[in-house]
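Student: the following block contains a protein sequence and its predicted model.
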Amino acid sequence: MYRSFLRSIVLPALALLLASSAVALRAQTPSLGIFEGHQDVGVVIQPGSAQFDSKRGAYTLSGSGENMWFGIDDFHFAWKKVTGDVALTADIAFLGAGGNPHRKAVLMMRQTLEGPSAAVDVAVHGSGLTSLQFRETAGANTHEVESNVSAPATARIERRGDFIYAFVSGKDGKLQPAGAATRLPLTGSFYVGIGVCAHDKDAVEKAVFTHVKLEPLPPDPGKTVLVSALETVSIASTDRHVEYVAAAHFEAPNWTHDGAALIFNQDGTIRRLALGGAEPTVIHTAPQVRCNNDHGLSPDGQWLAISDQSGAEGKSQVYVVPLAGGTPRLVTAKAPSYWHGWSPDGKTLAFTGQRDDNFDIYAIGVGGGEETRLTTASGLDDGPEYSPDGAYIYFNSERTGHMQIWRMKADGSEQEQVISDETNDWFPHISPDGQWMVYLVYEKGVTGHPPEKDVELRLMSLKDKQVHLLAKLFGGQGTINVPSWSPDSKRLAFVSYELLPEGSLTAK
């Protein structure tokens, strides 16, 4: 009888009570504005929260979590599930002083709501550091490209196809490309939103997101703007830092011997960027004003070798000019000639020259005179660079059928293949301490060294011949054509590129 009473009277009443409570709970749940839900992601001890103030249009998120790094993210996330190309923009401000300097407020896109998910975000740290962080596959290590703008008031993340782009506000308050981008395919529907991580599992941090805008992006109109980013990368951590970014085409950085500046070419001129400086300055090389991307410093750091095509035939020739600027002195009488290496004793230049319809490697005294041919194989030999001890010249050659890395004695003898793989490998650069070689990698089937391709920077230990991935980027021609190691052999400079829709630089 008791069971019958429970089934007929008590259980229906209890069900009605629970249903009424659920309706009331939903009615009392505060709106999340443009977002559908919020939750802790990963391993979080202290629960987070999210509130939306419709009058101010402000989202206040509190979040704990040990970190958003390595193979997992631990943070609080307010999200919306979307598909296609989208952009998320917001003004970001932390609440409360102190806290871990690595606490993060992020604009994020991620494949799933699981901690190890493939994900990408624009993260503003408590210290002001702002970076594009990305995990390419579930559980993989996170990498980052640091912006040269600290604590921007406004940030934006855009997905266009498989590419993700970061934007930050400058001193004028306007959004501009951060120079940070990555290829990260997000399949089907994915999550986009805002998040907070305390970078301390026992703490809770708060941030306010205002002027939040989530919008679908229209199809690209076809016209694009090239954005170039001059970056440095640590070979120990593989973390990247944008030193300079502009809607312009520049190429091929060299590092000055004091480690204080980078030299690169743009619009036929050679320019110098002081690290931490605002804008580059032009190094005067007139009448040579059609400089290309083959240039580099002498061992004493006082002279600059340039390759310029201002001559009567419009073909590249090699000159030397004081690093401070001046009138260049012609070294190679024959053309075309493209500089690539300077011997450690400062007496000889190595260059690529086209003679009789074949590109080979030559050497010539810095004072000019007769050139010495060092390679005779059919096909293209290019990119010659001396080892720090002067014993070898490293170069790339297609004599095997596709481009690979080779080396030879400085007099051209004992030519041997250094790397044998299926990719097309270009421009070997040896670190000043002689321990490492970096080179540029194109996919199998790519002919020549074209621009605007997905490429890799790979690092080989010259001690054990082990090869490591240093960076993936959109680049190619102009990325690392010439020596670009820091004097302490700890970092490398290179150029990456973005192709953005014409209106994207002014529509924000």
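Tutor: Sure, I can see it. Residues are numbered from 1 along each chain as shown.

Student: domain ranges for this protein, per the record?
Tutor: 37-216, 224-505 (automatic domain parsing).

Student: show me how far the first one is from its chain's centre.
Tutor: Chain-centre distance of domain 37-216: 18 Å, with C-alpha atoms, centre = their mean, to the nearest Å.

Student: what's the answer for stretch 483-498, then?
Tutor: Per C-alpha atoms, centre = their mean, the centroid offset for stretch 483-498 relative to its chain is 11 Å.

Student: buried ones in it?
Tutor: Residues of stretch 483-498 classed as buried by neighbour count (16 or more other C-beta atoms under 10 Å): 483-487, 489-498. All C-beta spots, glycine's among them, are computed from the backbone N, C-alpha and C.

Student: so where is the stretch 251-400 of the chain shaky, pLDDT-wise?
Tutor: For the stretch 251-400 of the chain, no stretch has pLDDT under 70.

Student: hmm, I was thinking of the chain
Tutor: For the chain (pLDDT under 70), the answer is 1-30, 506-508.

Student: ranges for the helices of it?
Tutor: Here the chain has its helices, by DSSP state H, at 2-5, 11-28.

Student: looking at the buried residues of stretch 483-498, which is nearest Asp381?
Tutor: Comparing the buried residues of stretch 483-498 against Asp381 with C-beta to C-beta places Pro483 closest, at 17.8 Å.

Student: let me see the contact set for the closest one.
Tutor: Taking C-beta atoms under 8 Å, 6 or more residues apart in numbering as the criterion, Pro483 is in contact with Asn254, Trp255, Gly296, Leu297, Gly341, Glu385, His429.

Student: could you do Ile430 as well?
Tutor: Contact partners of Ile430, counting by C-beta under 8 Å, 6+ apart, are Glu385, Tyr386, Ser387, Pro388, Tyr394, Trp436, Met437, Leu462, Trp485.

Student: repeat that with 6 Å
Tutor: Residues in contact with Ile430 (C-beta atoms under 6 Å, 6 or more residues apart in numbering) are Ser387, Met437.

Student: then Met108?
Tutor: Counting by C-beta under 6 Å, 6+ apart, Met108 touches Asp121, Gly195.

Student: before we move on, what about Val44?
Tutor: Val44 makes contact with Ser64, Gly65, Asp74, according to C-beta under 6 Å, 6+ apart.

Student: could you do Gln317 as well?
Tutor: When contacts are counted by C-beta under 6 Å, 6+ apart, Gln317 touches Gly311, Thr332, Ala335, Ser337.

Student: now intersect those with the strands, please.
Tutor: Under the assignment DSSP state E, the contacts of Gln317 contribute Ser337 to strands.

Student: which of the contacts of Gln317 count as buried?
Tutor: Counted by 16+ other C-beta under 10 Å, the contacts of Gln317 give Thr332, Ala335, Ser337 as buried.

Student: just put the residues you listed in TSV and tack on distance to Val149.
Tutor: Below are the buried ones among the contacts of Gln317 laid out as TSV (distance: C-beta to C-beta, whole Å):
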residue	distance to Val149
Thr332	42
Ala335	43
Ser337	40
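
Student: out of these, who's nearest Arg110?
Tutor: For the buried ones among the contacts of Gln317, the nearest to Arg110 is Ser337 (50.7 Å; C-beta to C-beta).

Student: wait, the closest one sits on Phe351?
Tutor: Yes. In this structure, Ser337 is within contact of Phe351 by C-beta atoms under 6 Å, at 5.1 Å.

Student: joint contacts of these two?
Tutor: Val318.

Student: burial measure for Asp433, as a count.
Tutor: Asp433 has 13 neighbours, counted by other C-beta atoms under 10 Å.

Student: contacting residues for it?
Tutor: Ser489.

Student: ok, now how distant is it from His257?
Tutor: Asp433 is 14 Å from His257, where distance means C-beta to C-beta, to the nearest Å.

Student: for Asn100, same thing?
Tutor: Taken as C-beta to C-beta, the span from Asn100 to His257 is 38 Å.

Student: one more: Gly48?
Tutor: 49 Å.

Student: higher neighbour count, the two?
Tutor: Counted by other C-beta under 10 Å, Gly48 and His257 do not tie: Gly48 has more neighbours, with 25 against 16.

Student: check contacts around Ala155.
Tutor: Leu107, Val122, Val168.

Student: tell me what the closest residue to it other than its chain neighbours is bridged to.
Tutor: Among residues not flanking Ala155 along the chain, Val122 sits closest, at 4.8 Å (C-beta to C-beta, 6 or more residues apart in numbering). Here Val122 shows beta-bridge partners Leu107, Leu132, assigned using DSSP bridges.

Student: touching, Val122 and Ile157? I think so.
Tutor: Yes. Applying C-beta under 6 Å, one finds Val122 in contact with Ile157, separated by 4.7 Å.

Student: need the overlap of contacts for the two.
Tutor: Residues touching both Val122 and Ile157 (C-beta under 6 Å, 6+ apart) are Leu107.

Student: wait, what's in contact with Lys104?
Tutor: So Lys104 contacts Met68, Ala123, His125, Cys197 (C-beta under 6 Å, 6+ apart).

Student: among the residues you listed, which one has the most neighbours?
Tutor: With neighbours taken as other C-beta under 10 Å, the top of those is Cys197, carrying 33 neighbours.

Student: quick check, that residue in contact with Phe77.
Tutor: No. Using C-beta under 6 Å, Cys197 is not in contact with Phe77; the gap is 9.5 Å.

Student: enumerate the positions of stretch 340-354 that are buried.
Tutor: Within stretch 340-354, the residues scored as buried using 16+ other C-beta under 10 Å are His340, Gly341, Trp342, Ser343, Pro344, Thr348, Leu349, Ala350, Phe351, Thr352, Gly353, Gln354.

Student: for Gly475, give me its contacts.
Tutor: Gly475 neighbours (C-beta under 6 Å, 6+ apart): Val455, Ser496, Tyr497.

Student: and the last one, what are its bridge partners?
Tutor: With beta bridges defined as DSSP bridges, Tyr497 has these partners: Ser228.

Student: list the contacts of it.
Tutor: Tyr497 neighbours (C-beta under 6 Å, 6+ apart): Ser228, Phe474, Gly475.

Student: at 10 Å what do you get?
Tutor: Residues in contact with Tyr497 (C-beta atoms under 10 Å, 6 or more residues apart in numbering) are 179, 181, 226-229, 249-251, 451-453, 473-479.

Student: check Ala207 too.
Tutor: Taking C-beta under 10 Å, 6+ apart, we find Ala207 in contact with 59-63, 76, 90, 92-96, 103-106, 124, 126, 194-197.

Student: roughly how far does it sit from Val106?
Tutor: From Ala207 across to Val106, the span is 9 Å (C-beta to C-beta).

Student: looks like Glu313 contacts Ser337 (just checking).
Tutor: No. Judged on C-beta atoms under 10 Å, Glu313 makes no contact with Ser337 at a distance of 11.7 Å.
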